[in-house]
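[1] here is my input; please provide its structure:
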Amino acid sequence: MTDGNGGKRHSLGRAGFFALGCLMVALGFIGAFLPLMPTTIFLILAAWCFGKSSPRLEAWLLDHPRFGPSLRAWRAEGAIPRRAKYMAAGGITFGYVVFWIAARPGLVLALVVGVIMGAIALWIWTRPEPAGR
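    Model (predicted):
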């Protein structure tokens with residue numbers, strides 16, 4: 001099936017997913033070193049993008065010795081390892097403290113941000129843990 005453009009739309013789509021996947025990997029690796037920036041969510045998104053554009057890079061991520069097990073557990077079961085849950089909760093708490101000190105928000109804003117961050121933490125903690133861990 002062609003798109004009337006000789007396959008150009010398909011190629012552009014693959015290139016877009018590839019570029020987005022590369023960006024997500026870069027953000028994920030930055031997040032591995034910065035305490036306020038997440039890692040796993042960016043790598044989950046990168047694996048998804050590479051699944052649409054580059055099976056070789058998708059396989060590289062899924063087979064990565066450090067990040068691969070978490071990515072495979074997410075894909076198979078929607079699972080998050082307990083250690084990652086603790087790290088996420090710690091990062092969320094640290095981020096809220098930095099927000100509180102740096103922004104000096106009013107009560108309403110502090111509550112809104114706190115409820116949103118609390119809801120995210122709750123969602124993370126309600127995810128299953130990988131089988132066999």
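
[2] all contacts plus neighbour counts: C-alpha atoms, from now on.
    OK.

[3] report the longest helix in this structure, please.
    Once the chain is assigned using DSSP state H, the helix that runs over the most residues is helix 8-31.

[4] show me what it is in contact with.
    Among residues not part of helix 8-31, those counted as contacts by C-alpha atoms under 8 Å, 6 or more residues apart in numbering are 3, 37-43, 45-50, 52-54.

[5] where does the closest residue to Pro35 other than its chain neighbours land on pLDDT?
    With C-alpha to C-alpha, 6 or more residues apart in numbering as the criterion, Pro35 has its nearest non-adjacent residue at 6.4 Å, and that residue is Gly91. According to the per-residue confidence, Gly91 scores 85 in pLDDT.

[6] next, count neighbours for Gly91.
    Applying other C-alpha atoms under 10 Å, we find 18 other residues in the vicinity of Gly91.

[7] report the separation between Phe94 and Trp100.
    Computed with C-alpha to C-alpha, to the nearest Å, the distance linking Phe94 and Trp100 is 10 Å.

[8] just Val113 next, same as before
    Using C-alpha to C-alpha, which is the criterion applied here, Val113 is 10 Å from Trp100.

[9] with Tyr86 instead?
    Noted for Tyr86: a distance of 21 Å to Trp100, by C-alpha to C-alpha.

[10] who's in contact with the residue most central in space within the chain?
    The residue lying closest to the centre of the chain (C-alpha atoms, centre = their mean) is Ile41, at 0.7 Å. For Ile41, the set of contacting residues under the criterion of C-alpha under 8 Å, 6+ apart consists of Gly28.

[11] quick one, the host helix or strand of it and helix 8-31 angle?
    For Ile41, the enclosing helix or strand under DSSP states H and E is helix 40-53. Computed by axes from the mean of the first three to the mean of the last three C-alpha atoms, to 10 degrees, the angle separating helix 40-53 from helix 8-31 equals 160 degrees.

[12] now do helix 40-53, average pLDDT.
    On average, the pLDDT along helix 40-53 is 92.

[13] same question, stretch 63-71
    Computed over stretch 63-71, the mean pLDDT rounds to 92.
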